[in-house]
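Asker: Take a look and give me a structure for this.
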Amino acid sequence: MLIKTKTQNMEQPSAFPVKTREMHNHHFDSTIWNEFPFRDDDIIIATYAKSGTTWMQQIVSQLIFNGIEGLEVAEMSPWLDLRIPPREVKMPPLEAQTHRRFIKTHLPLDALVFSPKAKYIFIGRDGRDVIWSMYNHHYNANQHWYDALNLTPGLVGPPIGKASDSVVEYFQEWLDKDGYPFWSFWQYLNSWWPARNLPNVHFVHFQNLKDDPAGEIKKIAAFLDIPVQGETFDAILEHCSFNYMKKNAVKAVPLGGAFWDGGAETFINKGVNGRWKDVLSAEESAKYEAIAAEKLDPACEKWIRTGQM
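Answerer: As a prediction, this is how the structure comes out:
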């Protein structure tokens, strides 16, 4: 599914990650980063899909704009390596932005050009929770979604097909085929984990954000050098709550939710973890855990499962 080719190493200090490959599939075109004109204060939000990306975009937008309402977050914060729309459509509005930019990526770090001066926020989530959220995203996608991904010129690799009628079958196929029909979860985590202690990288776990949103958002603000306090912080917390985002989903979701049956509120679905616990058998869950233990550094496996660093 993924096409890998070696790319020229970018000139960066040896302590910082260097891009070593390109990734292309029905979603990705990693080459857009190769000539990307970074600004020193850019913020890059990096996640495996359905790990809290939209939530983090909302948090960052609220921090940058001091808790105001009505922000068109989806338009302000593009998914740069998504191959649609093409770069000639995507780049001019981004280059015209005068506020501090916050940009979304789902690329593994070894397929991403890394700027030593930009700030990177990485969000992690247990893979079982990821897939329960991914299934809702894929199963409820409408024909516009499939046409955009599969019929837009430039597709590399096979098209993406319909999701199974069973979330368990969907999970099992994702696990057995190393991320199918999207991309490898294990490769993604292994690429980012070694960067966790870099001064311009901040790791956030989805569960920790659920358990202590105020504490985690304060850490994010400090990392981004954005002072917040008092009524402004209260407004930020309110506007980053699940209920607020669900109610105002059209502004946070790509194209206002036009690619999903049920619209933007389908995209922002449950916002909870653990739904797999009542569905997967003990054997199925243990299989996931055994593969995670085999594929990941023990500290990474513990963190992605529990949020404990």
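Asker: what about the strands in the chain?
Answerer: Secondary structure of the chain (DSSP state E): strands located at 43-47, 102-105, 119-124, 201-205.
Asker: Would you reformat the ones you listed as CSV and include distance to His137, mean pLDDT and mean neighbour count?
Answerer: In short, each C-beta sits where N, CA and C put it, glycine included. Converted to CSV, the strands of the chain look like this (distance: least, C-beta to C-beta, whole Å; pLDDT from 0 to 100; neighbours: other C-beta atoms under 10 Å):
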stretch, distance to His137, mean pLDDT, mean neighbour count
strand 43-47, 13, 98, 25
strand 102-105, 15, 98, 23
strand 119-124, 16, 98, 22
strand 201-205, 20, 98, 21
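Asker: Out of those strands, which gets nearest to Leu189?
Answerer: strand 119-124 (7.3 Å; C-beta to C-beta).
Asker: Below-threshold pLDDT in the chain: ranges please.
Answerer: Along the chain, the model assigns pLDDT under 70 to residues 1-14, 251-257, 262-271.
Asker: Report the central residue of it.
Answerer: By C-alpha atoms, centre = their mean, the chain has its centre lying nearest to Thr47, at 3.0 Å.
Asker: Contacts for stretch 39-46 next, please.
Answerer: With C-beta atoms under 8 Å, 6 or more residues apart in numbering as the test, stretch 39-46 has contacts from 53, 56-57, 60, 77, 100-107, 109, 112, 115, 117-123, 192, 224.
Asker: same question, stretch 54-73
Answerer: By C-beta under 8 Å, 6+ apart, the residues outside stretch 54-73 that reach it are 43, 45, 47, 74, 76-77, 99-100, 102, 104, 121, 123, 204, 209, 217, 220-221, 224, 226, 228, 232-236, 239-240, 245, 248, 251-253, 267-268, 271.
Asker: next one: stretch 202-221
Answerer: Under C-beta under 8 Å, 6+ apart, the answer for stretch 202-221 is 51-52, 55-56, 59-60, 63, 119-126, 129, 196, 223, 227-228, 233, 236-237, 240-241, 271-273, 303-304, 306-307, 309.
Asker: Write the PyMOL selection for whichever of those are buried.
Answerer: To isolate the buried members of the contacts of stretch 202-221 in PyMOL, using 16 or more other C-beta atoms under 10 Å:
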select buried, resi 51+52+55+56+59+60+63+119+120+121+122+123+124+125+126+129+223+228+233+236+237+240+271+273+303+304+307
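Asker: So which of the contacts of stretch 202-221 are in helices?
Answerer: Members of the contacts of stretch 202-221 lying in helices (criterion: DSSP state H): 55-56, 59-60, 63, 129, 223, 233, 236-237, 303-304, 306.
Asker: Please convert these to TSV, extending it with distance to Ala290.
Answerer: Shown next, in TSV, are the ones in helices among the contacts of stretch 202-221 (distance: C-beta to C-beta, whole Å):
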residue	distance to Ala290
Trp55	30
Met56	30
Ile59	34
Val60	36
Leu63	39
Asp129	18
Phe223	34
Phe233	42
Ile236	40
Leu237	39
Trp303	18
Ile304	14
Thr306	17
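Asker: Tell me the one of these nearest Thr152?
Answerer: Nearest member of those to Thr152, counting by C-beta to C-beta, is Met56, at 26.5 Å.
Asker: Now do the helices in the stretch 51-200 of the chain.
Answerer: Remark: helices assigned in the stretch 51-200 of the chain by DSSP state H, counting those that start in this stretch are 53-64, 73-76, 87-96, 127-139, 143-151, 167-176, 185-192.
Asker: Which stretch among those helices is buried most, on average?
Answerer: Ranked by mean neighbour count under mean count of other C-beta atoms under 10 Å, these are led by helix 53-64, which reaches a mean of 24.
Asker: could you give the angle of it to strand 201-205?
Answerer: Interaxial angle, helix 53-64 versus strand 201-205 (axes from the mean of the first three to the mean of the last three C-alpha atoms, to 10 degrees): 120 degrees.
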